[in-house]
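[1] sequence first, then the predicted structure:
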Amino acid sequence: MQSVNVSSPRAPIGVFDSGIGGLSVLRALQAELPHERFVYLADTGHAPYGERGDAFVAGRALAIAGWLRARHGIKALVVACNTATAAAIARLRQQHPGLIVVGVEPALKPAVTVTRTGRIGVFATRGTLASGKFARLLQSLQGQAHFALQPCDGLAEAIERAAAEPAPGGGWTIKMKALCARYIGAVGPFGTETGQIDTLVLGCTHYVFAQDVLRNLVGPGVQLVETGAPVARHTRRLLQRANGLAPGGGASALQLFSTGDPQALQAAAARWLRAPAGPAQAVDVPMP
Ligand code: DGL
């Protein structure tokens, strides 16, 4: 348990992901914490994380945390990426003992509470599913449900590129839909009858943006579970405990940065976020 006291409650909260996926967490944070300022970094220039290996992803996470602290004086860091959380959360906390650090993990625990058939599908990146952190999570729930694990190679990248296509229905959108269909087919059958998977965990923050496609494939009775809202509530609790909530009455604000194409981030933010953001800026965040 971290014990932190925030000295400047008006400082922003830093949020990062390998790309646009973390916007699904940022959206929930904005709803839960309407008076806070946020700085979001999409590390698109080094994405995808899911198939890159722990050392690389941890290096990126440490570099970004350092940049967010040095350039923006953040009071809290939300790692809005399951893969980066699995690879780096312990080292981030070790290197930044004075900072509130919040991670995300595939929502297996909430899924156990909602499944009726006791069969749960888990979509995540290869990196997340191969991590020791995920193994421990799975172990802690042993005997409570059956989990069908599916590494979804290429899906985060396809979602990212589909979102950047100028018109709907382009080549990356077709590829993204085909990958969703392939992975749903690989773990199924889905449904609410005995022996069927009735709950699908979206264990990568990007997959929230393929929710409609996945919903069509699994049918209306299957529940899709993601982590945005619980992570936002947890962030609020930690800030409260550290006397670090921004004073009420202040308006929410958001700055967007990308190590790749800022326009793609800008477009995704305009489409998916509740509160408007200033123009996204390109930034270079080198490895430490
Ligand atoms: N959005 C990230 C996650 O939650 C990873 C996507 C990727 O870069 O592979 O795992």
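    Looks like it came in fine. Just so you know, these numbers come straight off a predicted model, no measurement behind them.

[2] quick one: residues contacting the residue in the chain that the ligand sits nearest to.
    Nearest residue of the chain to the ligand (Cβ to the nearest ligand atom) works out as Gly50 at 2.8 Å. In this view, the C-beta of every residue, glycine as well, is placed from N, C-alpha and C. Neighbouring residues of Gly50 by Cβ atoms under 8 Å, 6 or more residues apart in numbering: Ser18, Thr83, Thr125, Arg126, Gly127, Thr128, Pro151, Cys152, Asp153, Ala156, Cys204.

[3] out of those, list just those in helices.
    Counting by DSSP state H, the members of the contacts of Gly50 that fall within helices are Thr83, Arg126, Gly127, Thr128, Ala156.

[4] most neighbours among those residues, which one?
    Thr83 (34 neighbours; other Cβ atoms under 10 Å).

[5] surely it and Val57 touch.
    Yes: assessed by Cβ atoms under 8 Å, Thr83 is found in contact with Val57 at 5.9 Å.

[6] hey, what's in contact with both of those two?
    Tyr49, Gly127.

[7] what's near enough to touch Val104?
    Applying Cβ under 8 Å, 6+ apart to Val104 gives the contacts Val25, Val78, Val79, Ala80, Cys81, Asn82, Thr85, Thr205, Thr227, Val231.

[8] among those residues, which are in helices?
    Reading helices off those with DSSP H, I get Val25, Asn82, Thr85, Val231.

[9] same for the lengthiest helix in the chain, what does it pack against?
    Identified as the longest helix of the chain according to DSSP H is helix 54-72. With contacts taken as 3 or more Cβ pairs under 8 Å, 6 or more residues apart in numbering; DSSP states H and E, helix 54-72 sits against strand 13-17, strand 37-42, strand 76-79, helix 82-95.

[10] what about the longest one, near the ligand?
    Yes: residues of helix 82-95 contacting the ligand under Cβ under 6 Å from any ligand atom: Asn82, Thr83.

[11] got the angle for that helix vs strand 13-17?
    Taking axes from the mean of the first three to the mean of the last three Cα atoms, to 10 degrees, helix 82-95 and strand 13-17 form an angle of 140 degrees between their directions.
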